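[1] All I have is the shape, not the residue letters:
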DNA sequence: TCTCGATTGACAGCATACTTACAATATGGA
DNA sequence: TCCATATTGTAAGTATGCTGTCAATCGAGA
């Protein structure tokens, strides 16, 4: 509860408003990201998994044997950040790293049995979290917001430091040589 | 949309899609935040100021003599994070910390002359950055997105770990003793 | 007035998210 | 074949963003 002092307001010099911050798109995006992470963590706290770790696990399940660099392109993290994320997931025994037979530089990523199990279990919590983020809006507005955001993120893809390179960039993973 | 083709992938086993990630609101918020920061930093790189530092400077200009805890409420950072932000701003000589006459615990924050000057200079770059974030959308869609996002952030305020407590919570700053 | 609970700034620790740099390795072209 | 170039994982460094904890201080009620 904010302290509600009901004093008469004397002289505050020129109350320049905070609107330059509060109405800026960048501020709203940061706030919304903060809120989204808080909701995710709260809903999933029984599993001790962060949003980033969750996205990584889903990607590894979708692309078993992917390497770290390609994984970073698929979920739009930079390689450095992803390195420590992978370390933590490996420490928790949700994934395994195996040396690539063809390339001594790369290590291939696989879900462990326990990682796959966790993923199955956590999905309801994740869905609850995702729903809660948009809950306050009217259903029609949720659809509108998601559509506009999807569009904007896609059109701005190249503006980010680590653009998303979706599955198309990974076709060679399926090839034989 | 990112190139998310549903073409038949030959030798990939059971191509579980990434849609569970890509269409999740939380993922879109994270992506958009990434993009927004990248655009801000790029437009403002001549000034070496981050979005968070900018918001802090604006708040201190609006509320001269604010203390760190109240500043954290006004821009919705937690106190720990803000501590290091303030340190950096002080190291760059954009702000000063002065002991509070009434309360030995708090230190009051003020813009320096150089901080005020920087703020005046950087505003065009910040506005360019904010505009660029929404640029790819049609003007009507920009308005819609901003309106929905403003609404959502406000309605979800309490869900974040550090809810925004706007100027209303700061009335006592105007008091004399 | 005195004491207890709250507040404040500081610190340690963890987890993104980015930068640059580097060694090991791979690859393509002369 | 050999070399210039590129890629890969890793590391160090900076900056949010959160969790705790702590000592100093403040303020309100007994």
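    On my side now, so go ahead. Note that the structure is a prediction, hence the values are computed from the model and not measured.
[2] and stretch A:21-32, which residues are buried?
    For stretch A:21-32, burial by neighbour count (16 or more other C-beta atoms under 10 Å in any protein chain shown) applies to A:21-22, A:24-32. Any C-beta I mention is one placed from the backbone N, CA and C, and that applies to glycine too.
[3] tell me the mean pLDDT over it?
    In this model, stretch A:21-32 has a mean pLDDT of 96.
[4] Check the offset of that stretch from the chain's centre.
    Distance of stretch A:21-32 from the chain centroid (C-alpha atoms, centre = their mean, to the nearest Å) equals 18 Å.
[5] who in chain A is up against DNA strand C?
    Contact residues (C-beta under 7 Å from any atom of the strand) of chain A with DNA strand C: A:50-53, A:76-78, A:80-81, A:84-85, A:88, A:102-105, A:160-162.
[6] give me that answer again for 6 Å
    A:50, A:52-53, A:77-78, A:80-81, A:84-85, A:88, A:103-105, A:160-162 (C-beta under 6 Å from any atom of the strand).
[7] Can stretch A:105-122 be said to contact DNA strand D?
    Yes. For stretch A:105-122 and DNA strand D, the contact criterion (C-beta under 6 Å from any atom of the strand) is met by A:105-107.
[8] For that stretch, measure first residue to last.
    Separation of the first and last residues of stretch A:105-122 by C-alpha to C-alpha, to the nearest Å is 33 Å.
[9] coming back round to it: which member of the buried residues of stretch A:21-32 is positioned nearest residue A:72?
    Using C-beta to C-beta, residue A:29 comes nearest to residue A:72 of the buried residues of stretch A:21-32, at 21.5 Å.
[10] now the closest one, what's its secondary structure?
    Per DSSP: H, G, I helix; E, B strand; the rest coil, the local secondary structure of residue A:29 is helix.
[11] what angle sits between whichever strand or helix holds residue A:144 and helix B:139-155?
    Secondary structure from DSSP states H and E places residue A:144 in helix A:139-155. If you take axes from the mean of the first three to the mean of the last three C-alpha atoms, to 10 degrees, helix A:139-155 sits at 120 degrees to helix B:139-155.
[12] chain center to helix A:139-155: distance?
    Relative to the chain's own centre, helix A:139-155 is displaced by 17 Å; criterion: C-alpha atoms, centre = their mean.
[13] same check, this time on stretch A:53-71
    How far stretch A:53-71 lies from its chain's middle: 13 Å, per C-alpha atoms, centre = their mean.
[14] Just the ones of the residues of stretch A:105-122 next to DNA strand D in strands?
    Taking DSSP state E as the definition of strands, the residues of stretch A:105-122 next to DNA strand D contribute residue A:107.
[15] Run through the helices of chain A in chain order.
    With DSSP state H as the criterion, chain A has helices at A:19-22, A:25-43, A:51-62, A:68-75, A:79-91, A:113-134, A:139-155.
[16] For DNA strand C, what's its nearest residue on chain A.
    Across chain A, no residue is closer to DNA strand C than residue A:80, which sits at 2.9 Å (C-beta to the nearest atom of the strand).
[17] So in chain A, where's the weakest helix or strand by average pLDDT?
    Least confident helix or strand of chain A, by mean pLDDT, DSSP states H and E, is helix A:19-22 with a mean of 89.
[18] burial of residue A:92, as a residue count?
    15 (other C-beta atoms under 10 Å in any protein chain shown).
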